[in-house]
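1. the sequence and its predicted three-dimensional model are supplied below.
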Amino acid sequence: MKKWYLEDWRFTIDVLQVGKENKAEECRLGFEPGDTFTCKFETPAGFCPTAFIKIFPSMEAVRCGGDLRILGGTGAAEMTFLCPDGPVKLRLTGAQILD
């Protein structure tokens with residue numbers, strides 16, 4: 001693979017809560033509060049593809065200059081999500097790369 005495009009945004013996805021008791025067994029992939037994933041455009045290694053399908057449109061909105069507060073986010077590039085299966089609460093945070 002030859003990456004040729006310089007991405008201008010980096011995203012962090014933090015696991016905030018897992019189920020009612022924060023047990024890894026409540027998530028199919030064993031996520032635990034405090035787990036963190038980073039990515040630019042691709043699905044982060046080890047991250048849930050089902051949850052990424054839900055988060056990715058918000059990443060695209062941020063890349064295009066959108067403000068996630070319009071969709072209920074806590075900041076222009078920050079929003080909290082529940083995974084599609086329900087037990088995992090995630091926070092997406094974007095930061096523009098200015099290098």
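-> Everything's here; your move.
2. and the gap between the closest residue to Ala77 other than its chain neighbours and Cys27?
-> Spatially, and ignoring its direct neighbours in sequence, Ala77 is nearest to Gly94 (3.5 Å; CB to CB, 6 or more residues apart in numbering). (C-beta placed from N, C-alpha, C; glycine too.) As judged by CB to CB, to the nearest Å, Gly94 and Cys27 stand 23 Å apart.
3. cool, and Val18?
-> Relative to Cys27, and taking CB to CB, Val18 is found at 5 Å.
4. neighbour-wise, which of these two wins?
-> The neighbour count for Val18 versus Cys27, taken as other CB atoms under 10 Å, is higher for Val18 (23 against 19).
5. my guess is that one meets Pro87, correct?
-> Yes: counting by CB atoms under 8 Å, Pro87 is a contact partner of Val18 at 6.0 Å.
6. quick one: common contacting residues for these two?
-> By CB atoms under 8 Å, 6 or more residues apart in numbering, Val18 and Pro87 have these common neighbours: Glu26, Cys27.
7. tabulate the CA atom coordinates of stretch 85-99 in CSV.
-> Extracted as CSV, the C-alpha positions of stretch 85-99 are listed here (Å, rounded to 0.1, in the frame of the first residue of the first chain):
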residue,chain,number,x,y,z
ASP,A,85,-24.9,-2.8,20.2
GLY,A,86,-25.5,-0.5,23.1
PRO,A,87,-23.2,-1.4,26.0
VAL,A,88,-20.1,0.8,25.1
LYS,A,89,-20.0,4.6,25.5
LEU,A,90,-17.3,6.2,23.3
ARG,A,91,-16.0,9.8,22.9
LEU,A,92,-14.7,11.0,19.6
THR,A,93,-12.3,13.9,19.6
GLY,A,94,-10.8,15.4,16.5
ALA,A,95,-7.7,17.6,16.2
GLN,A,96,-6.5,19.4,13.1
ILE,A,97,-2.9,18.6,12.1
LEU,A,98,-1.2,21.8,11.3
ASP,A,99,2.3,20.5,10.4
